[in-house]
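**Student:** One predicted model, sequence on top.
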Amino acid sequence: MAALVWSLLFHGPDQGLFNVSDIPMATALYNLGFTMILLRLPLTLQWVSRVPVLSHWVTLSNRRAMTIYLWGNTAIFVALWGLPRFGIVADVDTFTWQSGLIAFGATLAVLLVAVLCLGWVEDIAARRRPEILPVRSAARPRPDARHAAPDVTTVAQRLVTAPGDQSR
(Lines give C-alpha, C1' and ligand atoms only; values in the text may rest on other atoms or scores of the structure.)
Protein backbone atom coordinates (compact mmCIF):
# COMPACT_ATOMS: atom_id res chain seq x y z
CA MET A 1 0.00 0.00 0.00
CA ALA A 2 2.78 2.41 0.89
CA ALA A 3 4.38 1.86 -2.52
CA LEU A 4 1.16 2.72 -4.33
CA VAL A 5 0.61 5.81 -2.19
CA TRP A 6 4.19 6.91 -2.84
CA SER A 7 3.80 6.37 -6.59
CA LEU A 8 0.55 8.38 -6.57
CA LEU A 9 2.13 11.28 -4.70
CA PHE A 10 5.51 11.41 -6.42
CA HIS A 11 5.06 10.21 -9.99
CA GLY A 12 6.54 12.32 -12.77
CA PRO A 13 4.79 13.57 -15.89
CA ASP A 14 6.38 10.88 -18.07
CA GLN A 15 5.70 8.05 -15.59
CA GLY A 16 2.56 6.02 -15.33
CA LEU A 17 0.19 6.61 -12.43
CA PHE A 18 0.68 3.18 -10.87
CA ASN A 19 4.10 2.38 -12.32
CA VAL A 20 6.04 1.51 -9.19
CA SER A 21 9.14 0.35 -11.06
CA ASP A 22 10.02 3.86 -12.31
CA ILE A 23 10.11 5.36 -8.81
CA PRO A 24 13.00 4.01 -6.70
CA MET A 25 11.44 4.72 -3.31
CA ALA A 26 8.14 3.13 -4.35
CA THR A 27 10.05 0.08 -5.58
CA ALA A 28 11.91 -0.15 -2.27
CA LEU A 29 8.65 0.07 -0.30
CA TYR A 30 7.01 -2.57 -2.49
CA ASN A 31 9.97 -4.94 -2.06
CA LEU A 32 10.04 -4.33 1.69
CA GLY A 33 6.33 -5.12 1.99
CA PHE A 34 6.66 -8.27 -0.10
CA THR A 35 9.63 -9.42 2.00
CA MET A 36 7.73 -8.77 5.24
CA ILE A 37 4.84 -10.93 3.99
CA LEU A 38 7.23 -13.75 3.06
CA LEU A 39 8.91 -13.59 6.46
CA ARG A 40 5.56 -14.12 8.18
CA LEU A 41 4.83 -17.36 6.28
CA PRO A 42 5.62 -20.57 8.17
CA LEU A 43 7.77 -22.26 5.54
CA THR A 44 9.33 -25.64 6.22
CA LEU A 45 11.74 -27.15 3.77
CA GLN A 46 12.16 -30.57 5.33
CA TRP A 47 11.10 -32.20 2.07
CA VAL A 48 14.38 -31.04 0.52
CA SER A 49 16.35 -33.48 2.66
CA ARG A 50 14.31 -36.37 1.23
CA VAL A 51 15.37 -35.53 -2.35
CA PRO A 52 19.10 -36.39 -2.58
CA VAL A 53 19.89 -34.12 -5.56
CA LEU A 54 18.30 -31.09 -3.92
CA SER A 55 19.90 -31.92 -0.60
CA HIS A 56 23.34 -31.97 -2.23
CA TRP A 57 22.73 -28.64 -3.99
CA VAL A 58 21.54 -27.04 -0.74
CA THR A 59 24.60 -28.42 1.07
CA LEU A 60 26.90 -27.12 -1.65
CA SER A 61 25.35 -23.66 -1.69
CA ASN A 62 25.34 -23.44 2.12
CA ARG A 63 28.97 -24.51 2.44
CA ARG A 64 30.06 -22.13 -0.36
CA ALA A 65 27.71 -19.23 0.39
CA MET A 66 30.47 -16.69 1.02
CA THR A 67 32.32 -17.58 -2.17
CA ILE A 68 29.09 -17.33 -4.17
CA TYR A 69 28.29 -13.99 -2.55
CA LEU A 70 31.74 -12.50 -3.04
CA TRP A 71 32.31 -13.72 -6.59
CA GLY A 72 28.74 -13.57 -7.95
CA ASN A 73 28.93 -10.05 -9.38
CA THR A 74 32.36 -10.74 -10.84
CA ALA A 75 30.99 -13.87 -12.50
CA ILE A 76 28.14 -11.86 -14.03
CA PHE A 77 30.60 -9.25 -15.33
CA VAL A 78 33.01 -11.82 -16.78
CA ALA A 79 30.19 -13.77 -18.45
CA LEU A 80 28.57 -10.69 -19.98
CA TRP A 81 31.95 -9.38 -21.06
CA GLY A 82 33.04 -12.68 -22.60
CA LEU A 83 29.91 -13.66 -24.52
CA PRO A 84 30.19 -10.96 -27.24
CA ARG A 85 34.01 -11.25 -27.32
CA PHE A 86 33.83 -14.95 -28.22
CA GLY A 87 30.95 -14.44 -30.68
CA ILE A 88 28.42 -16.43 -28.67
CA VAL A 89 25.98 -13.52 -28.34
CA ALA A 90 25.91 -10.58 -30.75
CA ASP A 91 25.31 -7.81 -28.19
CA VAL A 92 24.47 -7.91 -24.50
CA ASP A 93 22.19 -4.88 -24.79
CA THR A 94 19.77 -6.62 -27.15
CA PHE A 95 19.12 -9.84 -25.27
CA THR A 96 16.41 -12.22 -26.27
CA TRP A 97 15.23 -14.86 -23.85
CA GLN A 98 17.52 -17.40 -25.53
CA SER A 99 20.60 -15.24 -25.14
CA GLY A 100 19.50 -14.50 -21.58
CA LEU A 101 19.56 -18.23 -20.84
CA ILE A 102 22.99 -18.47 -22.44
CA ALA A 103 24.21 -15.58 -20.28
CA PHE A 104 22.74 -17.23 -17.17
CA GLY A 105 24.46 -20.50 -17.98
CA ALA A 106 27.76 -18.73 -18.66
CA THR A 107 27.46 -16.88 -15.35
CA LEU A 108 26.86 -20.16 -13.51
CA ALA A 109 29.86 -21.71 -15.27
CA VAL A 110 32.15 -18.82 -14.25
CA LEU A 111 30.77 -18.99 -10.71
CA LEU A 112 31.40 -22.74 -10.58
CA VAL A 113 35.02 -22.13 -11.58
CA ALA A 114 35.33 -19.59 -8.75
CA VAL A 115 33.78 -22.06 -6.28
CA LEU A 116 36.11 -24.86 -7.43
CA CYS A 117 39.23 -22.68 -7.25
CA LEU A 118 38.51 -20.61 -4.15
CA GLY A 119 35.74 -22.33 -2.17
CA TRP A 120 38.07 -24.46 -0.08
CA VAL A 121 39.17 -21.28 1.71
CA GLU A 122 35.76 -21.26 3.42
CA ASP A 123 36.48 -24.70 4.85
CA ILE A 124 39.76 -23.49 6.32
CA ALA A 125 38.06 -20.42 7.78
CA ALA A 126 35.39 -22.64 9.37
CA ARG A 127 38.06 -25.05 10.68
CA ARG A 128 36.77 -27.89 8.54
CA ARG A 129 38.71 -30.29 6.36
CA PRO A 130 39.16 -28.54 2.97
CA GLU A 131 37.10 -30.01 0.14
CA ILE A 132 36.84 -29.00 -3.49
CA LEU A 133 33.10 -29.68 -3.68
CA PRO A 134 31.29 -30.46 -0.42
CA VAL A 135 28.50 -32.80 -1.45
CA ARG A 136 27.93 -34.58 1.82
CA SER A 137 25.81 -33.01 4.50
CA ALA A 138 27.68 -30.91 7.05
CA ALA A 139 25.13 -31.64 9.79
CA ARG A 140 25.45 -35.40 9.67
CA PRO A 141 24.39 -36.91 12.99
CA ARG A 142 27.29 -38.52 14.78
CA PRO A 143 26.73 -41.59 16.92
CA ASP A 144 26.73 -40.90 20.62
CA ALA A 145 29.77 -42.49 22.33
CA ARG A 146 27.65 -43.82 25.19
CA HIS A 147 25.26 -45.67 22.89
CA ALA A 148 27.65 -46.62 20.11
CA ALA A 149 28.58 -50.23 19.57
CA PRO A 150 32.06 -51.01 20.89
CA ASP A 151 34.87 -51.65 18.45
CA VAL A 152 35.57 -55.33 17.70
CA THR A 153 39.25 -55.03 18.68
CA THR A 154 38.29 -53.46 22.00
CA VAL A 155 35.93 -56.33 22.81
CA ALA A 156 38.53 -58.94 21.80
CA GLN A 157 41.18 -57.18 23.87
CA ARG A 158 38.91 -57.20 26.92
CA LEU A 159 38.26 -60.93 26.51
CA VAL A 160 41.94 -61.82 26.13
CA THR A 161 43.27 -59.58 28.89
CA ALA A 162 43.01 -61.05 32.38
CA PRO A 163 41.32 -58.89 35.05
CA GLY A 164 44.54 -58.43 37.02
CA ASP A 165 46.77 -57.80 33.96
CA GLN A 166 47.40 -54.05 33.53
CA SER A 167 50.17 -54.31 30.92
CA ARG A 168 47.90 -53.05 28.18
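**Tutor:** Great, that's in hand. Numbers count the residues shown, from 1 in each chain.
**Student:** ok, which stretches of the chain are helices?
**Tutor:** Applying DSSP state H to the chain gives helices spanning 2-9, 24-40, 52-63, 65-85, 97-118, 120-125, 152-160.
**Student:** For the fifth one, what does the pLDDT average out to?
**Tutor:** It stands for helix 97-118. Averaged across helix 97-118, pLDDT comes to 91.
**Student:** Same question for the first one.
**Tutor:** pLDDT averaged over helix 2-9 equals 68, rounded to a whole number.
**Student:** now do the fourth one
**Tutor:** pLDDT averaged over helix 65-85 equals 93, rounded to a whole number.
**Student:** Can you point out the buried residues in it?
**Tutor:** Residues of helix 65-85 classed as buried under the neighbour-count rule (16 or more other CB atoms under 10 Å) are Thr67, Ile68, Trp71, Ala75, Ile76, Val78, Ala79, Leu80, Leu83. Yep, even glycine has a C-beta here, placed from its N, CA and C like the rest.
**Student:** which residues sit against that helix?
**Tutor:** Outside helix 65-85, the residues that touch it by CB atoms under 8 Å, 6 or more residues apart in numbering are 61, 88-92, 99, 102-103, 106-111, 114-115, 118-119, 121-122.
**Student:** now swap in the fifth one and tell me
**Tutor:** For helix 97-118, contacts defined as CB under 8 Å, 6+ apart pick out 64, 67-68, 71-72, 74-76, 78-80, 82-83, 88-90, 92, 95, 132-133.
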